[in-house]
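**Student:** kindly return the folded structure for what I paste below:
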Amino acid sequence: MSQSAPTREVARRVFATEFNDAGFTFTESDDERAPVYALLPTGESANRVFFVGTLTEKEDVGEDSEYWRGRIVDPTGTFFVYAGQYQPEAASKLRELDAPAYVAVVGKPRTYETDDGTVRVSVRPESITEVDAVTRDRWVVETANRTIERVAAFDDGNEYARMAREEYELDPETYKAAALSALEDLDESDGDELAGDGSAGDDDAPAGDDSAVDEPTETPEL
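**Tutor:** Residues are numbered from 1 along each chain as shown. This is a model prediction of the structure:
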């Protein structure tokens, strides 16, 4: 049986505070088409990421053609997404959305170096889906759990944790603290911050099913 069909990488759940520190990228082969991974400071590789937050700003920053930039905030920080002619569905969604709005994003990490040597991290979105407050809250809970699990396993000797220790001068406990703070924020909030938000959505979605984000035109299940 042929095994030539490409498989999609799992989209990792990650908070903005950790994602923005993931400036080191690598490949695992010399093949010019080998996937590029961002190294998460908690010791995980990420070719694709999955996050949910509030779209607070959007802007067409293109010159000759549309090139949309979106600012999406989660409880720990800010993601920046960029979509143009090569991401037509995501660009169209950014064009249509009115901020503020809750959105779920699946996309590829991208890094670039500024003139002063600072590495910036952003996302090239594969899909952007408007969601509700319940979906956002479920994502926060599950992402906090995943983050805490990665930190707990950091000293167990996995190869990505070793790489993170070599590449970053960052304490993984920082991200555990951010995850716990995000959970506390949920407990203290009174639910939806966006007036007129819709229904709760699919409460029967299986928590922790990362494969669900592989449907780019549908709301990722949490």
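**Student:** what are the boundaries of the strands in the chain?
**Tutor:** 11-13, 25-26, 37-40, 44-46, 48-60, 68-74, 77-83, 101-113, 119-130 (DSSP state E).
**Student:** now the angle from the longest helix anywhere in the chain to strand 48-60?
**Tutor:** Longest helix in the chain, counting residues (DSSP state H): helix 133-152. With axes from the mean of the first three to the mean of the last three C-alpha atoms, to 10 degrees defining the directions, helix 133-152 sits at 130 degrees from strand 48-60.
**Student:** can you dump the C-alpha atoms of helix 133-152 in CSV for me?
**Tutor:** Output of helix 133-152 as CSV, limited to C-alpha atoms (Å, rounded to 0.1, in the frame of the first residue of the first chain):
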residue,chain,number,x,y,z
ALA,A,133,-17.5,32.8,24.3
VAL,A,134,-18.0,29.2,25.4
THR,A,135,-15.7,27.9,22.6
ARG,A,136,-13.1,30.5,23.7
ASP,A,137,-13.3,29.5,27.3
ARG,A,138,-13.0,25.8,26.5
TRP,A,139,-9.9,26.5,24.5
VAL,A,140,-8.4,28.4,27.4
VAL,A,141,-9.0,25.5,29.8
GLU,A,142,-7.6,22.9,27.4
THR,A,143,-4.6,25.0,26.4
ALA,A,144,-3.8,25.7,30.1
ASN,A,145,-3.9,21.9,30.7
ARG,A,146,-1.6,21.2,27.8
THR,A,147,0.8,23.9,28.8
ILE,A,148,1.0,22.7,32.4
GLU,A,149,1.6,19.1,31.1
ARG,A,150,4.5,20.2,28.9
VAL,A,151,6.1,22.1,31.8
ALA,A,152,5.7,19.0,34.1
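**Student:** what's that helix packed up against?
**Tutor:** strand 11-13, strand 48-60, strand 101-113, helix 173-188 (3 or more C-beta pairs under 8 Å, 6 or more residues apart in numbering; DSSP states H and E). For every residue, glycine as well, the C-beta is placed using N, CA and C.
**Student:** show me what counts as buried in that helix.
**Tutor:** 133-144, 146-148, 150-151 (16 or more other C-beta atoms under 10 Å).
**Student:** okay, now the unreliable bits of the chain?
**Tutor:** Scanning the chain for pLDDT under 70 picks out the ranges 1-6, 190-193, 195-222.
**Student:** among the helices and strands packed on helix 133-152, which comes closest to residue 158?
**Tutor:** Closest approach to residue 158 among those is made by strand 11-13 (14.2 Å; C-beta to C-beta).
**Student:** and residue 90, how far from residue 165?
**Tutor:** Counting by C-beta to C-beta, to the nearest Å, the separation of residue 90 from residue 165 is 34 Å.
**Student:** let me fix that: residue 110
**Tutor:** 24 Å.
**Student:** next: residue 97.
**Tutor:** Where residue 165 is concerned, residue 97 sits at a distance of 39 Å (C-beta to C-beta).
**Student:** on that earlier part again, looking at the helices and strands packed on helix 133-152, which one is packed in the most?
**Tutor:** strand 11-13 (a mean of 25; mean count of other C-beta atoms under 10 Å).
**Student:** that older thread, which of the helices and strands packed on helix 133-152 sits closest to residue 30?
**Tutor:** Once the helices and strands packed on helix 133-152 are compared by C-beta to C-beta, strand 101-113 is nearest, at 20.0 Å.
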